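Asker: Build the 3D model from these lines:
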Amino acid sequence: MQFESMAALATYLAGMGGFLKTVEHSALENAAILVEKTAKEEIGVQQPAWGPFEAWQPLADSTEAQKAQKGYPADAPLLATGDLQKSIGHQVDGNTAIIGSTDPVMVFHEFGTEKMPPRPVLGPALFRNKEAIVELIGEGVVEGIVAGRIVGGERFKA
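Answerer: Numbers count the residues shown, from 1 in each chain. Down below sits the predicted model:
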C-alpha cells in the first residue's frame with residue numbers, strides 16, 4: 001500500500017475511524033489475555049526475581065505442614081484449592097486494560113503483610129511480558145491499518 005502524500009495517508013486513516021478503534025481494542029485484549037495467562041501460570045510455582053520484583057521466599061515449614069494437613073499440594077506457593085488462580089481475569093474498556101483478581105487475598109500476596117513476605121503475581125506477569133505486549137499491540141495496529149484485518153488472540157487463551 002502506497003500513499004502519494006501525507007494527506008492521502010491521513011484521509012485513509014480517517015476513513016478507518018471505528019475500525020481502528022476495534023483494531024486497538026483487539027490488540028489490547030490480546031495483550032491482556034497474555035498477562036492473565038502468565039499470572040495464572042505463576043500460581044503454584046516458586047518464582048525467580050523479575051526486574052524490580054524479588055524472588056519469592058520459600059513457604060515456611062509450618063505453612064507447608066498446614067497445607068499437607070488439608071490435602072493441598074506441597075511446594076506450591078499460593079496454590080491450595082485453585083480459587084486464587086481462577087480469580088484472575090481481565091477487562092478491556094476503550095484503551096485501558098485491567099488485569100487483576102476478584103479475590104481480596106491477592107493484595108496480601110502481591111504486597112505482603114507484616115507476617116508474610118510478598119509473593120507478587122500480577123506485577124511480574126506484566127513485567128515478564130512487556131516486550132511481547134509492545135509487539136502484540138504494534139502488530140495488531142499495523143495489521144489493521146495495512147491489511148485491514150484484526151489479529152485474533154486465540155494463541156493466548158488460557
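Asker: buried ones in stretch 75-84?
Answerer: 77-80, 84 (16 or more other Cβ atoms under 10 Å). Bear in mind the C-beta positions are built from the backbone N, C-alpha and C, glycine included.
Asker: In contact with the spatially most central residue of the chain, which residues?
Answerer: Among the residues of the chain, the one closest to the centroid is Val35, at 1.5 Å (Cα atoms, centre = their mean). The neighbours of Val35, taking Cβ atoms under 8 Å, 6 or more residues apart in numbering as the test, are 90, 97, 99, 122, 125-126, 129, 133.
Asker: among these, which are in helices?
Answerer: Among the contacts of Val35, DSSP state H puts 122, 125-126, 133 in helices.
Asker: quick one: the strands in this structure?
Answerer: 88-93, 96-101 (DSSP state E).
Asker: Just checking: what are the partner strands of the first one?
Answerer: In its sheet, strand 88-93 lies beside strand 96-101 (antiparallel), with partners assigned from DSSP bridges.
Asker: okay, the partner strand in CSV with CA atoms only?
Answerer: Coordinates of each C-alpha in strand 96-101 appear next as CSV, following Å, rounded to 0.1, in the frame of the first residue of the first chain:
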residue,chain,number,x,y,z
THR,A,96,-7.5,0.6,29.1
ALA,A,97,-6.8,-3.0,30.2
ILE,A,98,-7.3,-4.1,33.8
ILE,A,99,-5.8,-7.4,34.8
GLY,A,100,-6.4,-8.4,38.4
SER,A,101,-8.1,-10.7,40.9
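Asker: Mind naming the longest helix for this structure?
Answerer: Across the chain, the helix with the greatest residue count (assigned by DSSP H) is helix 6-42.
Asker: and the angle for that helix with strand 96-101?
Answerer: In terms of direction (axes from the mean of the first three to the mean of the last three Cα atoms, to 10 degrees), helix 6-42 departs from strand 96-101 by 0 degrees.
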